[in-house]
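In: Just need the structure, nothing else, for what follows:
(2 chains)
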Amino acid sequence: NAGVTQTPKFQVLKTGQSMTLQCAQDMNHNSMYWYRQDPGMGLRLIYYSASEGTTDKGEVPNGYNVSRLNKREFSLRLESAAPSQTSVYFCASSEPYPYEQYFGPGTRLTVT
Amino acid sequence: AQSVTQLDSQVPVFEEAPVELRCNYSSSVSVYLFWYVQYPNQGLQLLLKYLSGSTLVKGINGFEAEFNKSQTSFHLRKPSVHISDTAEYFCAVIVYAGKSTFGDGTTLTVKP
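Out: A predicted model of the protein is given here:
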């Protein structure tokens, strides 16, 4: 039982490049989330998927897109990376009630 | 809308001393309350949660927290800390999937 897995662990991009961060969970959870973590700012929600087939914007969605590929997988895409997107990205999953979230190990992204 | 304030960004403490990490929240609706811990270069792990019922909740690693509705607080405590408790701690409030707010984090440093 791997829980929540994320790939890659590290990535360096040049400004304007695109990439997709992958996330998968094996806990059969309905809801999945993407957060970014910046120093001193806690976690901010980028997008979430309450259930398979649905996605909604969170607090900071600009510059990102997501795809809920199936119940297990939820990907985050940066179409044209900017230095402001340098961050650590976490994927999480949860069941409805009580929304206790399980987190992946994170992807550390640097945009130069 | 809800908000979370972690009142201390850094808490240094000596080994075997007690510690309290403070969290205040505001919300116009009922929320679920969580504390998570993040060890260096890892994802977040759930320490404990308050859903309803007894206002004193116990979590893993000897931590406990008390929900105070009148003061809208959810402070985390441990009677005797260990070096291994050195980590960042996050308070979070969740209303429903996609409506989660994390505090900015408190760095606990346990000194020998």
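
In: Write out the residues of chain B neighbouring chain A.
Out: B:4, B:9, B:32, B:34, B:36, B:41-46, B:49, B:51, B:90, B:94, B:96-98, B:100, B:102-105 (CB under 8 Å from any CB of the partner chain). (Each C-beta comes from the backbone N, C-alpha and C, glycine too.)

In: contacting residues for A:Ser94?
Out: A:Ser94 is in contact with A:His29, A:Asn30, A:Ser31, A:Met32, A:Tyr33, A:Glu100, A:Gln101, A:Tyr102, B:Ala97, counting by CB atoms under 8 Å, 6 or more residues apart in numbering or on different chains.

In: go with 7 Å
Out: Residues in contact with A:Ser94 (CB atoms under 7 Å, 6 or more residues apart in numbering or on different chains) are A:His29, A:Ser31, A:Glu100, A:Gln101, A:Tyr102, B:Ala97.

In: of the residues you listed, buried ones?
Out: A:His29, A:Ser31, A:Glu100, A:Gln101, A:Tyr102, B:Ala97 (16 or more other CB atoms under 10 Å in any protein chain shown).

In: And the furthest pair within these?
Out: Longest distance between any two of these is 13.2 Å, between A:Tyr102 and B:Ala97; criterion CB to CB.

In: Just give the nearest non-adjacent residue to the closest residue to chain A within chain B, would you?
Out: Nearest residue of chain B to chain A: B:Gly43, at 3.7 Å (CB to the nearest CB). Of all residues beyond its chain neighbours, the one nearest B:Gly43 is A:Phe103 (3.7 Å), with distances taken as CB to CB, 6 or more residues apart in numbering or on different chains.

In: Give me the pLDDT value at the one you found.
Out: The score at A:Phe103 is 95. That number is its pLDDT.

In: Dig out what it forms beta bridges with.
Out: Counting by DSSP bridges, A:Phe103 forms beta bridges with A:Ala92.

In: just B:Phe74 next, same as before
Out: Counting by DSSP bridges, B:Phe74 is bridged to B:Phe67.

In: Tell me the first helix or strand C-terminal of the helix or strand of chain B with the lowest mean pLDDT.
Out: Across the helices and strands of chain B, mean confidence by mean pLDDT, DSSP states H and E is lowest for strand B:99-102: a mean of 87. Next helix or strand after strand B:99-102 toward the C-terminus (DSSP states H and E): strand B:106-111.
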